[in-house]
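[1] Compute the structure for the input listed below.
(4 chains)
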2 protein chains.
Amino acid sequence: MSDASAPAWWTAPSETPVGDRGRYLVARDHIARQIHSGVLKPGGKLPSERQLQDGLGVARGTIREALFQLESEGMIYRRDRSGWYVSPEPVTYDPTRWAGFMTYVAEQGRQPATETLSTTSVEAQDGVAKAMGLPLGAPVHLIRRRRLIDGRPVLVERIYVEAKRAPDLLTHDLDGSLTQILKSRYRLAVTRNRVEMQPCALIQEEAEALGVKSGTPGLLVVRASFDAAGRIVEYDHEYWRHDALRVKVDLDVAP
Amino acid sequence: MSDASAPAWWTAPSETPVGDRGRYLVARDHIARQIHSGVLKPGGKLPSERQLQDGLGVARGTIREALFQLESEGMIYRRDRSGWYVSPEPVTYDPTRWAGFMTYVAEQGRQPATETLSTTSVEAQDGVAKAMGLPLGAPVHLIRRRRLIDGRPVLVERIYVEAKRAPDLLTHDLDGSLTQILKSRYRLAVTRNRVEMQPCALIQEEAEALGVKSGTPGLLVVRASFDAAGRIVEYDHEYWRHDALRVKVDLDVAP
DNA sequence: GAGTGGTCTAGACCACCTT
DNA sequence: AGGTGGTCTAGACCACTCA
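    Reported below is the predicted structural model:
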């Protein structure tokens, strides 16, 4: 029965010389092998947990353990209550190159997209005000966007811009390069760029906006761009899926 | 009974207006609150899973779900079969500054340490040879080190150095700055530095060397340093605990 | 409406750490 | 030796997706 309902690419596990690595690791290896061998392409859907359960003869919890392992390795991901899928290749992000998301994703042969989730004007709270060097309560634009690669949401971001420096910013189309708008419409040119990165978990709003389960591993990228006078032009928090991104920095060493 | 065995800092969960967020999230919030409120200091040990189970009145699996969530958020970590502990603050790593691990960790008021795990001379395999621009099978030194902060292992690394460029390298004390040795003893000065970062999972050897469970989230940092002639001096794979590191890059924007 | 993953329970045994 | 986390089982019900 289980064989009949299993997909064509599925093969029975080999004689599992378990050793003592744990059944979930054996299951992990088995699934990983199916993926690496290419029978399942990026974006492809795995069999259901209950099918895997029958096919491998272990409890569902054990299968899920194996799937979580592969998820944290970035090899598979899930769409909530829909199923498990093979992760596409990550894109490479180079913070030293001043190319926007739409540009560098397209350069890598992938299809980028941007959705503006909300635009508001708010008063800068403690953390943001301090980071931007503004007095507490100073008016700032807050833009929330979601960005996708090949139709899959890969990041959500919150961008802060000092309202005084870019009046009516929110009336523009914000689905493209914000930096471009700030430069061409408001003469705010960026000359310095600070990037901070930290592994994190995607929780609450960010998880929901990305359609992932709260607690999924992610990468937080905080970007601050400055003009020649050293004032902040954009302050941006990007929450990335952990399997969607590779960061590459090329630097000359100070003497 | 459960109260009697709970530690002094523990407080009963509030009337849990569950809503519908899931009991494990309620448990997560409860534990997180205890940590944020400071009753438990970084490095401190959480109550055992079975104590938490009794105290919160849920199954052990549910408690573990909450703990995994906090782990992936970087708030707690585990020592294998010993218990759960509150994570210390991450250190900040700035790849643009040419300071070694021992230096920048100490600068942040933490105590760095290095252990050389193994030193061997091997033939460069496909991936390494290609990355280093060497012919396949070229002799390279391979150094495996573990580095600790305040006594806690935070990364393991594999460093490759072309053997011809640094004969007898392995006879030196390698617990300090390798870059320093290459510079002073072999006149190999670095002028360019390429850094790549990618969230990953710590598995097998790396997990074992760090004393974490296979599958724990991590961060892979690949560093390649070049001399003025553009030849690779060091090629290094660092596997970091995901909660130990924050990366900060400060860049001037190319015109 | 059937099937999916998401959550939860209540056990059990084990390898290992700690004392 | 006792306690810890690590693994595993076999159920169950739910919210949701998808056809």
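[2] Let me see the confidence value for the nearest residue to A:D150 once chain neighbours are set aside.
    Counting by Cβ to Cβ, 6 or more residues apart in numbering or on different chains, A:D150 lies nearest to A:Q111, which is 5.2 Å off, once chain neighbours are set aside. (C-beta placed from N, C-alpha, C; glycine too.) Looking at A:Q111, its pLDDT is 94.
[3] Same question for A:A12.
    53.
[4] How many neighbouring residues does A:L117 have?
    Neighbourhood size, A:L117 [other Cβ atoms under 10 Å in any protein chain shown]: 13.
[5] I meant A:A131, not that one.
    Neighbour number of A:A131 under other Cβ under 10 Å is 16.
[6] how far does whichever strand or helix holds it sit from the chain's center?
    In this assignment (DSSP states H and E), A:A131 forms part of helix A:126-132. Between the centre of helix A:126-132 and the centre of its chain there are 24 Å (Cα atoms, centre = their mean, to the nearest Å).
[7] still on that earlier bit, isn't the residue nearest to A:D150 right up against A:V91?
    No: contact criterion Cβ atoms under 8 Å: A:Q111 and A:V91 do not qualify, at 11.1 Å.
[8] Find residues that contact each of those two.
    A:V105, A:I149 (Cβ atoms under 8 Å, 6 or more residues apart in numbering or on different chains).
[9] Specify which residue of those two has the higher count of neighbours.
    Between A:Q111 and A:V91, counting by other Cβ under 10 Å, A:V91 is the more crowded of the two (20 against 12).
[10] Wait, the more buried one touches A:E107, no?
    No: the criterion here is Cβ under 8 Å, and A:V91 misses it with A:E107 at 9.3 Å.
[11] Does A:T114 belong to a helix, a strand or coil?
    Following DSSP: H, G, I helix; E, B strand; the rest coil, the label given to A:T114 is strand.
[12] What's opposite it in the beta bridge?
    On the basis of DSSP bridges, A:T114 is bridged to A:R147.
[13] per-residue confidence at it?
    94.
[14] is the helix holding A:A131 up against chain B anywhere?
    No: under the criterion of Cβ under 8 Å from any Cβ of the partner chain, chain B is not reached by helix A:126-132; the shortest gap measures 13.0 Å.
[15] neighbouring contacts of that helix?
    Contacts of helix A:126-132 (Cβ under 8 Å, 6+ apart): A:A124, A:L134, A:P135, A:L136, A:G137, A:A138, A:V140, A:Y160, A:E162, A:A224, A:I232, A:Y235.
[16] Test my guess that the first one contacts A:Y160.
    Yes: A:A124 is within contact range of A:Y160, at 7.3 Å (criterion: Cβ under 8 Å).
[17] which phi and psi does A:R60 have?
    phi -60, psi -40 (degrees, to the nearest 10).
[18] got the end-to-end distance for stretch A:88-103?
    Using Cα to Cα, to the nearest Å, one end of stretch A:88-103 lies 19 Å from the other.
[19] contacts for that stretch?
    A:42-43, A:74, A:104-105, A:107-108, A:110, A:112, A:114, A:147, A:149-150, A:152, A:154, A:176-177, A:179-180, A:190, A:193, A:195, A:221, A:223, A:243-251, B:198, B:249, B:251, B:253-254.
[20] Please work out the average pLDDT along that stretch.
    88.
[21] For chain A, just list every one of the helices.
    A:2-5, A:23-36, A:49-56, A:60-72, A:101-107, A:126-132, A:178-186, A:204-210 (DSSP state H).
[22] Lowest average confidence across these, which one?
    When I compare these, helix A:2-5 is least confident, with a mean of 39.
[23] if we can go back for a sec, which neighbours do A:A124 and A:Y160 share?
    A:M132, A:V140.
[24] Quick check: buried residues in stretch A:143-162?
    A:143-149, A:152-162 (16 or more other Cβ atoms under 10 Å in any protein chain shown).
[25] in the stretch 151-255 of chain A, what residue is nearest DNA strand D?
    Closest approach between the stretch 151-255 of chain A and DNA strand D, counting by Cβ to the nearest atom of the strand: A:G211, at 8.2 Å.
[26] No more questions from me, cheers.
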